[in-house]
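**Student:** only geometry, no sequence info:
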């Protein structure tokens, strides 16, 4: 082993009189003030809210047109409707074909992506600042004038069906879909955002047009710019491209959707023979984005499973080498979103890691988090927040999320103090109220013969569903028996 | 959910579409300072005081190609061990000094290098320079922590290779694309080779490769130049190099004379896939840049030729064209996941037709400009953060380019003509001999075996 020399270059001797080996980490200097974005906004006469966050270091702009409706607005018969509407949106308008749109956007060096989340649908563009105006013209064209032709729908439908096949062959993605169904049952958020083989087959272009006509409207949309653009320039671009966009017909205000009742918790094993690893998930309903427990929930999660040194990763990866990574997350939504803790491990260890996850969740409601640990886990959240604001797309994500959940944009200046103010008792009380493991679902997707016996020793009422009998369309998760 | 962790980018680059640069009107140059310490440590500093964070990178010129014989995956396993204890740091202290103060750390093992990164609030710069010098200077490893971390890496192997439906295809691409050069050993290794690794191997590896004259330090972001230079001198200056030369690989890959065709089977492959790979020149060459443009014309964006032909044409579910740059010559990779009911031969024929057409018919000026614009915009995104800039600089040096390349590549790409792209594509791809891997579900192996009975 080589050793550190204790000789210091002569040039340093003047201010380093007692040159010796530094055996402890040097203390930090004074922190510098973080720079927070300063959003400015304006609402056009047709109701379109426009938000601009200038940042001029790099000649790049990210922009998003966000419609406040996503997969949660799918009709019951057609899961995947919002997803398919977004997929076909960029595939032809009254004046341009799919090829012309792709070619026009890419000739500008830009990327244009349409997609659907649970509570919103988005059209995103990232482009060098000098090409912002022509790139935004494509955004406006697809949002306002998409034609949803049969042939483009058929093509996207086939792609979605093929992608679904790939998703259903992997333990991780399959585990997420099974957990969503157990968490939300038949209610919204329970289905696959990207649809099922049956619903994809049943979606018509009329259904897409109807979804588009109802939800893609200026008064239900927000346009966000971040990057090298002046607010006045962005506002006038918005006015030019979206000013004549018509409001939708008046509709009764939508009632705030009541949270779905949590279905009874289950323990489900999906047997996928020859799976290369088992995916292990424990979850239940979590919180709304606007709940007052948002900050305690974020801090509790950071302690439990947010980041490398969280408790789950400490116990499962660092201490025992049972996984490449373990963690947990809350996904707060307009209505109550999911909480999931998960990891992936060799099939033989699946039962052991399930027990470890349960143990760590329980510990959170039993013991108060000690001061150093709490401070460290808060720092993780604050650091992630700051780093997310270093890129134009990161700023667009943060700002559009506030707009989606009707939170004041000034929240962006209060995030750090909000995290800091959470007390250890609040974390414990939140865990007691919201992280009761007896009310959680457990899902393991893997090669069940390797772990079923130890699993049954640890947990009661284990259901095993062979992959060929799995039906994600129904809360029972089982293929219905053929009626004679 | 994304779990942050020490991710080895062993396979991920294969999925990324080519990126480099193209000139436009105002592209801000990356401004850096360079010096070499007396012990040979190569030091680059890139100042940007707009955000109070700083990125610290240490790139060691040792990668998966340097795995000892019978120890594939060792450089990567070693990377994990570098987060254990040193003379003055207990295990995982690096996490305390980064994560616990609102920063993060990571590391990656490439074929040609192992890189360690931290991004922290800038007032922790001195602390992290000390920590990086600590683990350059010494590494302690005991049997228990070694065995536990080896288990983590075995799980990483399962997570990347065995569990995802196309994991074994990416593995086969690395394993089968070289005949002689150690690049043929997949960086993630194998369960057997990982099992064979010992604590003694770890000690020998640190002694051989982890030395100041085999490393590049990049500090990027918010710092005072004089202060940073002083800390670098203080903590890295005293480190010395052991006697003896740094071991270097000398196993040039011969030109492939014959096309090589293989079939790889794996469980739960719902849609078959096909991959074609060709050898490419060293990354600093104009031909390598020309091939990046070719890759963008073929696979960059929905309007690219292969997206149009294969995906719009309903032959493939998706298609990727991805140069995998390596210091001693890399790969030009095209791979497609088939649409249902389609056969790999159909995709291969269409891919070969499009390659031949690009090589033989003049490239429209607009299409060439489009590819350059896509490459430029991507380059802007890569430079948005201090960490991104540090990565570009470190990678450039590792790939045998120089630091100035990060700025010059822009004008170099701009100068490349359609004829240059065609010449490079012809030389390395359409007239080169590929490896062709067909990827099928395990059940089809049994079906075919049954046929022969």
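**Tutor:** Done, it's in. Predicted model only: the values in this text are computed from it and were never measured.
**Student:** what is the burial count for the residue nearest to residue A:468 when sequence neighbours are not counted?
**Tutor:** For residue A:468, ignoring the flanking residues on the chain, the nearest one in space by C-beta to C-beta, 6 or more residues apart in numbering or on different chains is residue A:479 at 8.0 Å. From N, CA and C alone the C-beta is placed, and that goes for glycine too. The burial count assigned to residue A:479 is 14, neighbours taken as other C-beta atoms under 10 Å in any protein chain shown.
**Student:** how about residue A:391: what's its closest non-neighbour residue?
**Tutor:** On the basis of C-beta to C-beta, 6+ apart, the spatially nearest residue to residue A:391 that is not a chain neighbour turns out to be residue B:384, at 4.7 Å.
**Student:** so does stretch B:293-312 get close to chain A?
**Tutor:** Yes: contact between stretch B:293-312 and chain A, assessed by C-beta under 8 Å from any C-beta of the partner chain, occurs at B:300, B:301, B:302, B:303, B:304, B:308, B:311, B:312.
**Student:** how near is the fifth one to residue A:248?
**Tutor:** The one in question is residue B:304. Residue B:304 sits 36 Å away from residue A:248, going by C-beta to C-beta, to the nearest Å.
**Student:** who's more crowded, those two?
**Tutor:** More crowded of residue B:304 and residue A:248, by other C-beta under 10 Å: residue B:304, with 27 against 14.
**Student:** and that one, backbone torsions?
**Tutor:** When read as degrees, to the nearest 10, the backbone of residue B:304 gives phi -70, psi 160.
**Student:** could you pull out the strands for the chain?
**Tutor:** Using chain A here. Along chain A, the segments classed as strands by DSSP state E run A:40-43, A:49-54, A:60-67, A:111-116, A:121-128, A:221-227, A:267-271, A:278-285, A:326-330, A:338-345, A:441-446, A:462-466.
**Student:** my question was about chain B, not that one.
**Tutor:** B:33-36, B:42-47, B:53-60, B:104-109, B:114-121, B:215-221, B:260-266, B:273-279, B:316-324, B:331-338, B:435-441.
**Student:** can you add distance to residue B:246 and give those strands back as CSV?
**Tutor:** Listed next are these as CSV, based on distance: least, C-beta to C-beta, whole Å:
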stretch, distance to residue B:246
strand B:33-36, 16
strand B:42-47, 14
strand B:53-60, 10
strand B:104-109, 17
strand B:114-121, 14
strand B:215-221, 11
strand B:260-266, 33
strand B:273-279, 26
strand B:316-324, 24
strand B:331-338, 26
strand B:435-441, 31
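**Student:** to chain A, which of those strands lies closest?
**Tutor:** Between chain A and those, the shortest separation by C-beta to the nearest C-beta is 4.3 Å, and it involves strand B:316-324.
**Student:** and the angle for that closest one with strand B:273-279?
**Tutor:** Here strand B:316-324 points in a direction 20 degrees away from that of strand B:273-279 (axes from the mean of the first three to the mean of the last three C-alpha atoms, to 10 degrees).
**Student:** quick one: mean pLDDT over strand B:316-324.
**Tutor:** Mean pLDDT, strand B:316-324: 95.
**Student:** and that strand, what other elements does it pack with?
**Tutor:** helix A:150-167, helix B:286-299, strand B:331-338, helix B:344-360 (3 or more C-beta pairs under 8 Å, 6 or more residues apart in numbering or on different chains; DSSP states H and E).
**Student:** partners of that strand in the sheet?
**Tutor:** Strand pairing for strand B:316-324, using DSSP bridges, gives strand B:331-338 (antiparallel).
**Student:** buried sites along the partner strand?
**Tutor:** B:331, B:332, B:333, B:334, B:335, B:336, B:337, B:338 (16 or more other C-beta atoms under 10 Å in any protein chain shown).
**Student:** ok and it relative to strand B:435-441, angle-wise?
**Tutor:** Here strand B:331-338 points in a direction 30 degrees away from that of strand B:435-441 (the same axes, to 10 degrees).
**Student:** how long is stretch A:449-461 from one end to the other?
**Tutor:** 17 Å (C-alpha to C-alpha, to the nearest Å).
**Student:** contacts for that stretch, please.
**Tutor:** A:266-267, A:269, A:271, A:273, A:278, A:346-352, A:354-355, A:442, A:444, A:462, A:464 (C-beta atoms under 8 Å, 6 or more residues apart in numbering or on different chains).
**Student:** which of those are buried? Put it as a ChimeraX command.
**Tutor:** Under the burial definition 16+ other C-beta under 10 Å, those of those that qualify are selected in ChimeraX by:
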select /A:266,267,269,271,278,346,347,349,350,351,352,354,442,444,462
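**Student:** neighbours of the closest residue to residue A:230 other than its chain neighbours, how many?
**Tutor:** In this structure, residue A:230 finds its nearest non-sequential neighbour in residue A:54, 6.4 Å apart by C-beta to C-beta, 6+ apart. Close neighbours of residue A:54, defined as other C-beta under 10 Å, add up to 18.
**Student:** same question for residue A:150.
**Tutor:** There are 10 residues near residue A:150, going by other C-beta under 10 Å.
**Student:** ok, now which ones touch it?
**Tutor:** When contacts are counted by C-beta under 8 Å, 6+ apart, residue A:150 touches residue A:205.
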